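Participant: Below are the sequence and a predicted model for it; my questions follow.
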Amino acid sequence: MKYTESHEWINLQDGLGVVGVTEHAQKELGDIVYVELPKEGKQVKAGEEAVVLESTKAAADVYSPISGVIVEVNHALTKASELVNKSPETEGWLFKIKPSDLKELDKLLDPEAYQAMLSKA
Amino acid sequence: MKTALYERHCALGAKIVEFAGWNMPLQYKGVIPEHLAVRKALGIFDVSHMGRIEVSGHEAEQFLDYLSTNIIAGKPSFSATYTVWPNGVGGCVDDLIVYKQDPHHFFVVVNASNRQKDLDHLMKYTTAFDVHIQDKFSTEGILAIQGPKALQVAEHIFPEASQIKPMQFLFADYKGSSIILSGTGYTGAGGCEIYAPNAVIVELWDRFLYEGQNEGIEPAGLGARDTLRLEMGYALYGHELNESISPNETVSNWTVRWKKKDFLGKSLMQQLEASEKKRSEHGIILLDKGIAREGYEVYQNGRLLGKVTSGTYSPTLSKSIAIILTEGNLKNGDHVEVQIRQNRVEAEVVPLPFLKKPEQVNA
């Protein structure tokens, strides 16, 4: 599992990157009431806006940790956006991306570095 | 600034935000659980950032009647009246509640963001009236106990609470301190507000949380306060009302009593009323996904009509709701479109309040 400074996580499974937001992010956002998911097949670059999470108080952009093609989105969130609050790092995943350059993963934070960043803040 | 309850909020794990210069709790457990606790049982809010100002003197009644869109003169003693204060140049100074103790003794409770401005506004008009103004800003705290079970729990602490009626108030004694119990609130869920000296406000907060625990009391923050008021279509100063929106253009238009002989800004408002320039505020429900946030543009048939003044997700209705300020004459049932990022999302104009009956709250 790798992390971004903007509180996304990405986990490589069967050649695809599964992406979501971290426990820290869901806590900061509060109750999420809508998830605006991207279209499957959409090309994104690393750091580009991919998803919008609407909480009771604000809308927050979720950025793709790496470049690639979004091949699948978590349709369960359309009816159950609260999954992002309940289990942001498992059932509440947002999309799966086919990486265009696996080396981009090396630029991301490992779990220790991400934790260290949180404890500094 | 911090209220007397700041340490309590921190101890409860509240997320603290700055609001009008105050460090206030945005939420404790979360906006939705706090909101639903108020609709189904009860919640307690620290609203000590709001300000109470005493207005007394021989002409206190005429003075407040002149400054208000609503009728103040002749109201019964111990009544509470919601009103707007026009600024006299086409906008609003504030919206507030006027409490009448007797024809010579009143007090008003005003928004946190406008405390000093309101005090200055009152002082400006004292020259023409025999009145005395005294603020209670630094000596008092305010609690709002809201929800269908609020008064029942209040009775454990104040036997007088059984006599609290909507839009009325009474004085009670708490361990030698004089406090005010008021049948008012900002949630539409029923309950009361309590004005008490800082010396007892923390003790009262603790007692309510203790006495209300079997009924499901939750401390509730500014987040839930906003979603609750919006479900009722209540104005929030700085959003639905401001210095450049006329009182008769707003959701608080119903307070403007044209039959009153005179009030500040009346003739200007009458001119606007007859003009095509007059805008109006409406409730909308989004028919598709998304949340209409403040400032988003509102269109009809491709034409820009106005903007969203407040918008949120209604936890009770599980729908996206908003108030819009628009030109022209929108009617209930009309469809408009809200620009949400790259998309235009369809919405329907609906009558306010969004929440019609208590039955809509699923127990």
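Facilitator: Received the coordinates, thanks.

Participant: tell me which residues form a beta bridge with A:Gly20?
Facilitator: A:Trp9 (DSSP bridges).

Participant: swap that for B:Ile340, sorry
Facilitator: With DSSP bridges as the criterion, B:Ile340 is bridged to B:Asn343.

Participant: wait, what's in contact with it?
Facilitator: B:290-293, B:296 (CB atoms under 8 Å, 6 or more residues apart in numbering or on different chains). Yep, even glycine has a C-beta here, placed from its N, CA and C like the rest.

Participant: quick check: longest helix of chain B.
Facilitator: helix B:198-211 (DSSP state H).

Participant: Does anything pack onto that helix? Which helices or strands?
Facilitator: Applying 3 or more CB pairs under 8 Å, 6 or more residues apart in numbering or on different chains; DSSP states H and E, one finds that helix B:198-211 contacts helix B:6-11, strand B:43-46, strand B:140-146, helix B:150-157, strand B:177-182.

Participant: ok, the helix or strand following it near chain A or not?
Facilitator: Once the chain leaves helix B:198-211, the next helix or strand it forms, by DSSP states H and E, is strand B:218-219. No: Strand B:218-219 stays clear of chain A (CB under 8 Å from any CB of the partner chain), getting no nearer than 14.0 Å.

Participant: pull the CA atoms of the helix or strand just after strand B:218-219 into PDB?
Facilitator: Next along the chain after strand B:218-219, taking DSSP H and E as the criterion, comes helix B:222-231. The C-alpha coordinates for helix B:222-231 follow below in PDB (Å, rounded to 0.1, in the frame of the first residue of the first chain):
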ATOM      1  CA  LEU B 222     -22.700  24.300  14.100                       C
ATOM      2  CA  GLY B 223     -22.800  21.700  11.300                       C
ATOM      3  CA  ALA B 224     -26.000  20.200  12.500                       C
ATOM      4  CA  ARG B 225     -27.400  23.600  13.400                       C
ATOM      5  CA  ASP B 226     -27.000  24.600   9.800                       C
ATOM      6  CA  THR B 227     -28.600  21.500   8.300                       C
ATOM      7  CA  LEU B 228     -31.500  21.700  10.800                       C
ATOM      8  CA  ARG B 229     -32.300  25.300  10.000                       C
ATOM      9  CA  LEU B 230     -32.000  24.800   6.300                       C
ATOM     10  CA  GLU B 231     -34.500  21.900   6.400                       C
END
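
Participant: quick one: contacts of the longest helix of chain B?
Facilitator: Counting by CB under 8 Å, 6+ apart, residues outside helix B:198-211 touching it are B:4-5, B:8, B:44, B:46, B:48, B:139-143, B:145, B:153-154, B:156-157, B:174-175, B:177, B:179, B:194, B:196, B:217, B:219.

Participant: Can you select the buried ones among these for me in ChimeraX?
Facilitator: To isolate the buried members of the contacts of helix B:198-211 in ChimeraX, using 16 or more other CB atoms under 10 Å in any protein chain shown:
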select /B:4,5,8,44,46,48,140,141,142,143,145,153,154,157,174,179,194,196,217,219
